[in-house]
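> What follows is a predicted protein model with its sequence.
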Amino acid sequence: MERKPHFFKVLIGDFSQSLRIPVEFLKHISTATSKIVTLKGPSGRCWNAELSKRSKGTFLCGGWAEFAEDHALREYEFLVFRYDGDFCFTVKIFGVNACEREDLFKVIQRKRRKLCEVKDRHVESSLDVGGVLHSQVLKKEVQNSNASMLGPDADRGNCLERSESVKNVKIKSEYDDPPVELIASPKKIYKRSCSRKRHLVIHEERSVAQEAANSFTSNFPFTTVKICPSHIAKPFPMRLPHAFSHTHLPRKNSVLIIRDPNMKSWEVTHIPREGGRDSLSAGWHNFCHGNDLKLGDICVFELVKPCQLNAHIFR
């Protein structure tokens, strides 16, 4: 069997936008014939990234940012890249505990998340990616290998909660992967029903927060940001809306003062990017932690002075 070349990287510093390939490894690939590479993650799904030659070496960039974000990569984690040929890499990811991150075996690209089709009912499915809980209401076609065990209650809305005969439930989605078999029990199904009710409450609360944010007005320039996983997961910076930052913020690295609803001031580094979206880097995660920002929260940043933003938080 032909041996496939490997290299590893320990994630240190700012790796959210690009990752340097070891110089000695470049002999196995030729950047002259292709600039696009495929990264196959622990889930078996693939991301496209770009090879970029720079003065400091050859880097993975472009789609690397999406790969890093979708896998919620953290500082000091350990990645092993196996080169399979034809510009394809298989990537294994190990946590700071030195063990392979099993939570990434089912990670889904954010652009491919869909609503799956369901017969007669919605079932909530939660996917834990890198410690961040993403809830989806998936439409699923439920097939039981022994459907007769459900009896006449099969068409009733609460049959899943009351039936103690349900053992193996197969779920078919629109993805190309084979159906996933889940082992279900009456207790787990009951918990799923309760979880769905909590999800509906959270959805209603977020709708109220969105309406409140939409009604915000000011004589000063302002922009609205809805908190997503990459905003609160280290070491990712928070990217600002392009139109707002390029129009109103300095076009060089600067320190902004963000004043929270309690009038406490936070120093945050602003990094402009002429070819992309500006970002808030050093100090941003202190602001997040200090204000207990959660997924779905909405922040309105109001520019009251050239380098001072007032933050209005809607939950």
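Yes, it's here.
> Not counting its neighbours along the chain, what's nearest residue 294?
For residue 294, ignoring the flanking residues on the chain, the nearest one in space by CB to CB, 6 or more residues apart in numbering is residue 227 at 6.8 Å. Placement of C-beta: from N, CA and C, glycine included.
> which residues does that neighbour contact?
293, 294, 295, 296, 297, 298, 299 (CB atoms under 8 Å, 6 or more residues apart in numbering).
> pLDDT value on it, please?
Residue 227 is assigned a pLDDT of 85 by the prediction.
> And it, how close does it get to residue 102?
Residue 227 sits 26 Å away from residue 102, going by CB to CB, to the nearest Å.
> go on, residue 56?
The value you get for residue 56 to residue 102, if CB to CB is used, is 34 Å.
> Look at those two and report which has more neighbours.
residue 102 (10 against 7; other CB atoms under 10 Å).
> sec struct for residue 304, please.
Assigned with DSSP: H, G, I helix; E, B strand; the rest coil, residue 304 falls in the strand class.
> on that earlier part again, max pairwise distance over the contacts of residue 227: which two?
Distance extremes for these: the farthest pair is 295 and 299 at 12.4 Å, using CB to CB.
> Quick one: low-confidence residue ranges for the stretch 201-315 of the chain.
Filtered on pLDDT under 70, the stretch 201-315 of the chain yields the residue ranges 201-206, 235.
> got it, and the stretch 1-150 of the chain?
For the stretch 1-150 of the chain, the stretches with pLDDT under 70 are 1, 31-34, 107-150.
> try 50
111-150 (pLDDT under 50).
> Run through the strands of it in chain order.
6-10, 19-20, 36-40, 46-54, 57-61, 78-85, 88-94, 122-129, 132-139, 141-143 (DSSP state E, counting those that start in this stretch).
> now the stretch 201-315 of the chain
Using DSSP E, counting those that start in this stretch, strands in the stretch 201-315 of the chain cover 222-226, 238-239, 254-259, 265-271, 279-280, 298-305, 308-314.
> Point out the most buried one among those.
Mean neighbour count (mean count of other CB atoms under 10 Å) peaks for strand 279-280 among the strands of the stretch 201-315 of the chain, with a mean of 22.
> Remind me what it packs against, helices and strands.
Contact analysis of strand 279-280 by 3 or more CB pairs under 8 Å, 6 or more residues apart in numbering; DSSP states H and E lists strand 238-239, strand 265-271 as its packing neighbours.
> Show me the strands paired with it, marking each as parallel or antiparallel.
According to DSSP bridges, strand 279-280 forms sheet pairs with strand 238-239 (antiparallel), strand 265-271 (antiparallel).
> Compare those strands and give me the one nearest residue 47.
Proximity to residue 47 (CB to CB) singles out strand 238-239 among these, at 18.5 Å.
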